[in-house]
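Chemist: Here is my input, please return the structure:
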Amino acid sequence: MDRTIFFNNADRGTSLRFRTKLKTFINQQCHKEGVRIELLQYVFCSDTYLLDINKRFLQHDYYTDILSFDLSDKKGLLIGDVYISIDRVKENAKSEGNLYMHELLRVIFHGALHFCGYKDKKPADVKMMRSMEDKWLKAYLKTLGS
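Modeler: Presented below is the predicted three-dimensional model:
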C-alpha cells in the first residue's frame, strides 16, 4: 500500500474511487518528471476554507480551486500539501461542461504538476499546464479502462 500520498477531508469530502491506483499513477508520473514523492497530502475543502488559506498565507482575497504548498527541503524529493475546493471543482465542471470526476482528477493532477515544475501564470505556461493535465487524465483513465 502506498504511504506517500494521502487524501484527506477538511470541511468537505468527496467520493474518490480507486485511490490506490490513483496514488500509484501520481507517483509514477512524478517520477517520470524527476520528482520522488516523500509525502504529498491532498486536502478536500470548501470555498470558504480555501479562501481563508488564500488570504492568510498568500494575501489573495479571491476564490480558487486549488492551492499547492511545496514544503520540501531537497530538490527532487517532494513534501507538499494541496488544498482543493470541492465547491470550485463542482462549479468549474458545470461551467466547462466536464464530468465532475474528470474535473476533480484534472485539479489533482494540476497540483502534482506544479511540484514537477509546471507553472500557470503566463499564457504559454497555462497552455503547457493544460496539455499536461489532459495527457495525465487520458493516461489515468486508460489505466481504468475508461
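Chemist: Just list the residues touching the residue positioned nearest the centre of the chain, thanks.
Modeler: Computing the C-alpha centroid of the chain and ranking residues by Cα atoms, centre = their mean puts Ile108 first, at 2.5 Å. With contacts taken as Cβ atoms under 8 Å, 6 or more residues apart in numbering, Ile108 has the following neighbours: 22, 26, 42, 82, 84. Every C-beta, even on glycine, is put in place using the N, C-alpha and C of the backbone.
Chemist: Same check on Asp61?
Modeler: If you count contacts by Cβ under 8 Å, 6+ apart, Asp61 has them with 51, 54-55.
Chemist: Likewise for Glu103?
Modeler: Remark: with contacts taken as Cβ under 8 Å, 6+ apart, Glu103 is in contact with 89-90, 92-93, 96.
Chemist: Likewise for Met129?
Modeler: Residues in contact with Met129, defined by Cβ under 8 Å, 6+ apart, are 110, 113, 118-120.
Chemist: Spatially, which two of those residues are the most separated?
Modeler: His110 and Lys119 (11.2 Å; Cβ to Cβ).
Chemist: Between these two, which has more neighbouring residues?
Modeler: In this comparison of His110 against Lys119, neighbours counted by other Cβ atoms under 10 Å, the higher total goes to His110 at 21 against 12.
Chemist: Report the separation between that one and Asp65.
Modeler: Note on His110: its distance to Asp65, by Cβ to Cβ, to the nearest Å, is 8 Å.
Chemist: Give me the neighbour count for Leu39.
Modeler: Leu39: 15 surrounding residues under other Cβ under 10 Å.
Chemist: Mind telling me what element it is part of?
Modeler: Assigned by DSSP states H and E, Leu39 falls within strand 36-45.
Chemist: Filter the contacts of Asp61 down to just the ones in helices.
Modeler: The subset of the contacts of Asp61 located in helices under the criterion DSSP state H comprises 51, 54-55.
Chemist: Right, I'll call it a day here.
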